[in-house]
Every structure is written in C-alpha cells, then in structure tokens.
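# sequence and predicted structure, then a few things I'm wondering about:
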Amino acid sequence: MVIFEFGIDNTSRAVDNAGRAVDSAGQVVDSAGQVVDNAAQVVDNAAQVVDNAAQVVDTAAQVVDNAAQVVGNAGRNAGNAGQVVEAPGPYKLSAAGKNADTEGMCGNLRLLFFLCPVFLAAQAPGNPALAIGPEDLRIEQRVDGGFHLFIRKKPGAASVLLTESTRDPALRSANYAYRAPEWNSVNGDEIRLLNERPLPKSSGIWSLIDSTPEVHGELGEAFHIYIPYILNYGYETTRHGEVYVVDGTYFNIRAFSLPYADYRGSFRDNPFVLEVGQQPLPGPAAGNYMKETEDSFSEISAWSRGDLLYSAGPADLVDKIRIILDRERGKTMDLVICLDTTGSMKDDITEIRKNLVPMLRNILGDSPGFRIGLVLYKDYYEEYLTKTVPFTGDMNQFQRTVNGIIPRGGKDIPEAVYEALYEGTRSFPWEAESRLIILIGDAPPHIRQRGKVSKEMVRESAEARSIRFHAIILPQ
C-alpha cells in the first residue's frame, strides 16, 4: 500500500506533500494523501520512499523519522502536533483542537489507580503547569454507586474535565467528554462552556467537570469528580453510547487554565487507566451495604419469595444461614450455596470454614435427606468465573472442600452473580422437596450484561426447577 502519494521521480512534489503533512495539524491525511494508514506500515513504506528518493530534502526525512519514533516508542509523542497515527498496543497518539467538543489525548505510559491507590507516572504534552502526577490523585469507592476522584488543584489550574482517552487515528470521528446519565450533587450544578457558551441546565448534559475545588484531607485544595458506573458520551446526531466503568477503563483528565473547561485558555491532557482492587470499608456494617447490592439481592430473593438477610460480617454469617435452614426442617433438602470468593470475602470465608459444617450437623441430624453443593464465583478475567462443587451428603468431604476455598482477586466491584446463580440452577440434579440456593456476597451483579447469562435466564431456570432463592448481604 502506498503511504505517500508523491512519486520517486518527482522530488519536489514529495517535498511539497511532506511539508504540508508536517505543517497542517487538521488536514494531515488530506494534505499528504493519507500520510499514515497505520503505524506498523509507516516505517516500511516511508523507508521505501527514502531508498528510492535518496536526495529527498530534510522535510521529508523528518516525516520518516517522526513515524519511526512513533513505532519504536509505542505511543511516544513525536513532537509533531499535526501527525496522527495509531501506535502499537492500547495507546493512540492524536491531536485535539481547541474550542470544540472533541477530547483527545497523547501519552505513552499508563497511570494506575486503585481503590487503595497505587500510581505510576503518565506523560502528556501541553502546559506543564497543568500536569497531573501520581501524588495529585486520590480515588474512593463509596456505597453511593460510583467512584469519587479527587485531583489536587495546582496553581494555574482552574478546572478539570473527564473525557474519552483516545481519538480515532483516521480522524473520521470525534471523541467526547464523558457525562453522567443523571444529575448528581457533586458535579450536577457545575458550569461548562462549549464553544464559549455555557451549556444550559435544561440540556440534561451532566459533564464530569469541576471548577469549584474543595478541601481534601490529604491533597489540600482539590477538584472533586463523581464517576458513576455508567457514563454517556456523544450526541444523538453523532457517534454516541455508554461506557460501563470497570477495571481497565481508560480516562483522560483534561486540566484547564480557565474555569468551566474554557478552551480559550491553555489545557493539558493527562491519560489514565482505572485498575480497581477491593478493600473493606472502615466502620460498622450499618451504612456500608452497597445500594446496588441491596437492590439486586432483594430482587433475586423476591422472585421466589425467599429471605433477604443482612449480615454484619463474620460473627453472624453462619447464624444467618441457620435462620434460613431452620424453616425447612422436616423436609428432604437440596441446598446450593453461591459464594463470592473474591478477596473482600476473606474474613467471611474463614468463618464459613470454621462453623458452617458444625452448624449443619447440629440442625440436620434428624433430616430425612440432605445434600449440599457449592458454586464459587469471582468475575470475568479472574482466576475463574464460576466453579461448581457437586452435591454431597458427606459432611467430612464437604469440610475438606470448604477448607480448600481461597478468597482472592476481585477488581472492580460488580461480580458474576447472575452467572453463579444460573450455574446453580442448571448444574445440579435437583430432587428434594425443598430446593434452595443461598446467595452470599458483598457486591452486586453487573449493571450491564457482560456474558451470555441474563437475569431473566436465571429467573426462568429457577422457576422451571422449583428452586427458591435466598440472599445474605455482607457489608463492603
């Protein structure tokens, strides 16, 4: 494929086209005849031009050098604001124009931030006074359905705006600022300028923007951005959609020298990738139950008129299981426990190892028939999604199985809840009079379906087998 349209026997035309590629940030592709098709081919094709036109002047040589630097450094900015290429790997280099709602980024290293923050440096071109470093960020996961990002306010920084972190390298589509789907008390009343005019509140565009810093205990004066789990971008007449904020989601924090994300001043892009780890919230259990977990577990238990119980933690978890089983005494029973085995469940699983089997022996000694199985679950891209332990009536065998459960992993907060319940309904030979699944966890299912299993499939499968769901919610 020809990357440069100028011929090798016409050196002056080559120079002319290459010069326009370097000098024109907004029309690189048109001026140079699609200068870059992809970063991997730039070097090969550009090298052919150089070999065949050895006397091409310095301007054309610089284009080749810049393209080679992009490939060799996997995303390093070549210093040419007009050059737009896709670098190998997940990073893209792009140029963003001022005074338009097209949000771009340039960068080569990712900054990692966790619920327990650990940071690596990120680099991006722009006003150095607006650079955001590892020491300038804190992020908190709270029970209100999202993340709270705090950004240290530096001298000269007047506002921040969260945007998409990459731009289409072919320049065929714009990219946009992220928006919350509904008003929130953190950023819902913030002013944002677009094309030098404030967006009216009647527009329903709730940008992730802050121009009114507050006092933060560690950072001092800091901007505060609320990031819900679902973000919107674009408009109905353009490319648009939603982003589900999970582990690995990319963001760009755009810092401005003027308030309200005003492009008439300078700005700087600071790209990040979200990497989430779980840490129990401090304080008593009351108030530490996630609303999404309460809502979803309540819905699941209501499908079959099962129980929804709140556990305060390890101390009363086994007692909550006992309450459910006491109501089924005198019947043959098939029981499956669907158990979250991510890292946040470590203390709870320790309690289950110690006291679940003794409790079962105590209350089921006179049971006419009892079998118990397990579905252990984590999440997508974890050690496993679900793991099934078949029915058994042998408590010694079951104790050995429970002893082998290792709680670890768990990045973003939602887990594979529906997938575990579906596995529970379909992977066991249900026969008893009383057929129970007890769901135990501290995190909700995914808000948006990630795999093949939907909650409708779970409900239908349970109803077809006369299985009753119960749920026990643990605090974060």
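Perfect, thanks for sending it.
# going forward, measure contacts and count neighbours with C-alpha atoms only.
OK.
# assess the claim that Tyr176 and Leu162 are in contact.
No. Counting by Cα atoms under 8 Å, Tyr176 does not reach Leu162; the two are 9.2 Å apart.
# okay, now the unreliable bits of the stretch 251-400 of the chain?
Flagging of the stretch 251-400 of the chain using pLDDT under 70 yields the residue ranges 276-287, 366.
# quick one: the helices in the stretch 151-300 of the chain?
291-303 (DSSP state H, counting those that start in this stretch).
# got the contact list for Glu221?
Arg152, Lys153, Pro213, Glu214, Val215 (Cα atoms under 8 Å, 6 or more residues apart in numbering).
# give me the pLDDT value at the first one.
Pointing back at Arg152 there. Per-residue pLDDT puts Arg152 at 96.
# run a quick neighbour tally on it.
23 (other Cα atoms under 10 Å).
# where does the residue lying closest to it once chain neighbours are set aside land on pLDDT?
Nearest residue to Arg152 in three dimensions, chain neighbours excluded: Ala222, at 4.3 Å (Cα to Cα, 6 or more residues apart in numbering). On the pLDDT scale, Ala222 is placed at 97.
# again with Asn175
Here, the pLDDT recorded for Asn175 equals 72.
# now the one 10 residues further on
The predicted local confidence for Ser185 comes out at a pLDDT of 94.
# cool, and Phe6?
Value for Phe6, per-residue pLDDT: 26.
# check the one 4 residues further on too.
According to the per-residue confidence, Asn10 scores 34 in pLDDT.
# domain parsing for the protein?
Listed by automatic domain parsing, the domain ranges of the chain are 11-86, 98-274, 291-473.
# tell me where the stretch 201-350 of the chain has strands.
In the stretch 201-350 of the chain, the strands defined using DSSP state E, counting those that start in this stretch lie at 206-207, 209-210, 214-216, 220-228, 230-234, 240-244, 250-256, 267-274, 308-310, 333-340.
# got CSV for these, with distance to Glu415 too?
Output for the strands of the stretch 201-350 of the chain, formatted as CSV (distance: least, Cα to Cα, whole Å):
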stretch, distance to Glu415
strand 206-207, 28
strand 209-210, 29
strand 214-216, 31
strand 220-228, 17
strand 230-234, 16
strand 240-244, 14
strand 250-256, 20
strand 267-274, 17
strand 308-310, 18
strand 333-340, 8
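# which of those sits closest to Val402?
Among these, strand 333-340 comes nearest to Val402, with 10.9 Å by Cα to Cα.
# how about that closest one: buried residues?
Along strand 333-340, these residues count as buried under the neighbour rule (16 or more other Cα atoms under 10 Å): Met333, Asp334, Leu335, Val336, Ile337, Cys338, Leu339, Asp340.
# now the two most distant members of these.
Among these, Met333 and Asp340 lie farthest apart (Cα to Cα), at 22.4 Å.
# show me what the longest helix anywhere in the chain is packed up against.
Taking DSSP state H as the criterion, the chain has its longest helix at helix 346-363. Helix 346-363 is packed against helix 314-326, helix 395-403, with contacts defined by 3 or more Cα pairs under 8 Å, 6 or more residues apart in numbering; DSSP states H and E.
# give me the contact list for the next helix or strand after it.
For helix 346-363, the following helix or strand on the C-terminal side (DSSP states H and E) is strand 370-377. The contact list for strand 370-377 (Cα under 8 Å, 6+ apart) reads 332-342, 364, 384-393, 415-417, 420-421, 423-424.
# average pLDDT for stretch 414-434?
Stretch 414-434 comes out at a mean pLDDT of 96.
# pull out the buried residues from it.
Buried residues in stretch 414-434, counted by 16+ other Cα under 10 Å: 414-425, 428, 430, 434.
# from those residues, which land in strands?
Mapping those onto strands (DSSP state E) picks out Ser434.
# could you tell me the end-to-end distance of stretch 149-156?
20 Å (Cα to Cα, to the nearest Å).
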